[in-house]
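Chemist: turn this into a model:
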Amino acid sequence: MDINVSIVDQQVRGLAQRLKPQLESALDERLDETKARSVAFVVLCTKALLELSDEEAIAALTEGGNDFGVDAIQVSDVVDGEFTVTLFQAKYHHENLDGVRAFPELGVSKAVQAVRGLFDPEAVIEMNHRLRARIEEIRSLIGEANIPRVRFLLCSNGQRWSAESQGIIDREHFPSDRVSFEHIDHETLIRILQSSQPAKDTLQFVGRSIVEDMNYARVFIGKIPVTELARLMETHGDRLLQRNIRRYLGLQGNRVNRGIEQTLRDDTERTNFFFYNNGVTLICERFDYNALQPENHRVKVEGLQIINGGQTSKTVQATLSSLPTPPSDIEQTFVLVRLYQIPKETAPWVQTVTYATNSQSPVDLRDLHANDERQKGLELSMKELGYEYRRQRSENAFKPNEIGTATAAEAVVSVWRRRPQLARFQTIEHFGKHYDSIFTPDLSAPQLIIAVLLFRIAENKRKKAPADAPDFLPYASHFAAMLMGEYLLVDLGKPLTRLDHRIFFEARGLVEQKGEAYFQRALEVLEDAVQDIATPPVRASLRRLSAIFRRSDLFDYLPRPSAATGLPDGTTGFAD
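Modeler: Next up is the predicted model:
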């Protein structure tokens, strides 16, 4: 038995046992022990590779009858007219735990068919409702001239597919800058699961360097060959990126990363890489070097982390590993490195450095805002009301009285800020440019909790839609939650500014008593609005419905909120 396969099996069995009720609810079927482990393996891969919570990973599941070989799917936000679709297909070898069984050829064939058919807006394909809702949303984005980048991750606790299976992929001639197929095995999963372990290594700098003591930090600035950076990533992998707030975007779907790749491949430009790239910022708990040596220092580091330049590091690694032979001048291709020795007790300062060095492009800032005074204040106030606010991401599943920051932002944007289209399609900016508009100084814990309770009702209805549910429901939960918030304030007879701890329990009681009725009323209003948009009224396709709920012009067909509620009309407060 392979030790890493065994560890993955333990993880899978633990997830299957812990999450079985949620998995059965998501797939709407009873799962035997074997099936539960298969689905749990999908969840494990999705969680590890996309850094998702249990809840988010389960929401990504699409497997079941007519799943077209796609077990899970995630669609990124649209950035610069491009978006990334990550597809998962998982094959879990239950009894074969030696890690040598190849990924099945049938699975590869299904993956190829999926890419060929699912992204063709004109293709008519039978698929289950979970997958269809996501695919029509993707096709709608494509119809609006957005460019998809497809990343198909074929996961197993065994070996890569055979040469014959690779031939199936090659014969399709998918453009390499648009579609990629990657095998994720038990070794990869273990590297990610162990990524929290501190990294120790020795860095080979070239030429002269600058070393200085500044306050309580030491600084070492110099250059290293790109081969040294690739070796570092090969050795330690994603454990180096634990404190890097920008997830790796891949070569597909990111112009900066593709530019790095092109420079490294260009014989005339390669040696200018040092001047074209902003460099890499590292932090460590300790570094040592021979101070008597004037140049070409070998620097020993402990507790190493990349806090800026993760994209560069991963792209350099991927590009150099793809070259058939190393170019003769690759050792003369350098990258700037800033190495900071920072004691453990200065964590808040590290957070500030990480934010500052990553502020030049959109990033996931949830963790950086975790220690924001507003977040701390909400946590304290919510505890007094019987709720736990998770300011930082966690692997543990959420209990009914626990609320995470991502859900909080999505709910507040939808319900009280009345920008449901931004809630769903600009999640990357909730803790970026929209943060101050969402978590305003006057946002109270009661307002946040009530927004989340309403949002959960709408989301649960979306996830477990009844047979007679309207076709637009998969795309409408954020709009429904917005309307539900208005109905609640009308019943309370108070504007939003008066929703505080004094009437919190009254408001929560109304949510519990009338939440279902609020939701049904919201659906009726949305049904009328959808019909009014079409001239003459027609039964819109899923693709059209997805587009309708992604745009702000739907507000033109919805009733304005009563002035007594103190709510905006949905067209102010944010910059689109």
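Chemist: ok now stretch 467-484, how far from the chain's centre?
Modeler: 23 Å (CA atoms, centre = their mean, to the nearest Å).
Chemist: tell me the domain ranges of the chain?
Modeler: Per automatic domain parsing, the structural domains of the chain span 3-193, 199-357, 368-565.
Chemist: export these to CSV and append columns for mean pLDDT and mean neighbour count.
Modeler: The way it works is simple: take the backbone N, C-alpha and C, and place the C-beta from them, glycine included. Converted to CSV, these look like this (pLDDT from 0 to 100; neighbours: other CB atoms under 10 Å):
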stretch, mean pLDDT, mean neighbour count
domain 3-193, 88, 18
domain 199-357, 81, 17
domain 368-565, 87, 18
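Chemist: check which helix or strand covers the residue lying farthest from the centre of the chain.
Modeler: The outermost residue of the chain, judged against the average C-alpha position, is residue 292 (46.5 Å), by CA atoms, centre = their mean. Assigned by DSSP states H and E, residue 292 belongs to no helix or strand.
Chemist: ditto for residue 180
Modeler: Taking DSSP H and E as the criterion, the element that holds residue 180 is strand 179-184.
Chemist: which strands and helices sit next to that strand?
Modeler: helix 105-118, strand 147-156 (3 or more CB pairs under 8 Å, 6 or more residues apart in numbering; DSSP states H and E).
Chemist: dump the ones you listed into JSON lines; add distance to residue 524 as well.
Modeler: Listed next are those as JSON lines, based on distance: least, CB to CB, whole Å:
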{"stretch": "helix 105-118", "distance to residue 524": "33"}
{"stretch": "strand 147-156", "distance to residue 524": "34"}
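Chemist: which one of the ones you listed lies closest to residue 466?
Modeler: Residue 466 lies closest to helix 105-118 among the helices and strands packed on strand 179-184, at 26.1 Å (CB to CB).
Chemist: that closest one versus strand 147-156: what angle between them?
Modeler: 160 degrees (axes from the mean of the first three to the mean of the last three CA atoms, to 10 degrees).
Chemist: show the contacting residues for residue 470.
Modeler: 476, 523, 526, 527 (CB atoms under 8 Å, 6 or more residues apart in numbering).
Chemist: how near is it to residue 211?
Modeler: Distance of residue 470 to residue 211, computed by CB to CB, to the nearest Å: 66 Å.
Chemist: report the separation between the nearest residue to residue 562 once chain neighbours are set aside and residue 171.
Modeler: Using CB to CB, 6 or more residues apart in numbering and skipping residues adjacent in sequence, the residue nearest residue 562 is residue 490, 6.2 Å away. Using CB to CB, residue 490 is found at 61 Å from residue 171.
Chemist: any idea which element the residue nearest to residue 562 lies in?
Modeler: Judged by DSSP H and E, residue 490 forms part of helix 473-492.
Chemist: hey, where'd the strands end up in the stretch 351-500 of the chain?
Modeler: With DSSP state E, counting those that start in this stretch as the criterion, the stretch 351-500 of the chain has strands at 388-390, 402-404.
Chemist: can I get those in JSON lines with distance to residue 23?
Modeler: Formatted as JSON lines, the strands of the stretch 351-500 of the chain follow (distance: least, CB to CB, whole Å):
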{"stretch": "strand 388-390", "distance to residue 23": "22"}
{"stretch": "strand 402-404", "distance to residue 23": "20"}
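Chemist: for residue 339, which of those is the nearest?
Modeler: With respect to residue 339, and counting by CB to CB, the nearest of these is strand 388-390 at 32.7 Å.
Chemist: just how off-centre is that closest one within its chain?
Modeler: Chain-centre distance of strand 388-390: 20 Å, with CA atoms, centre = their mean.
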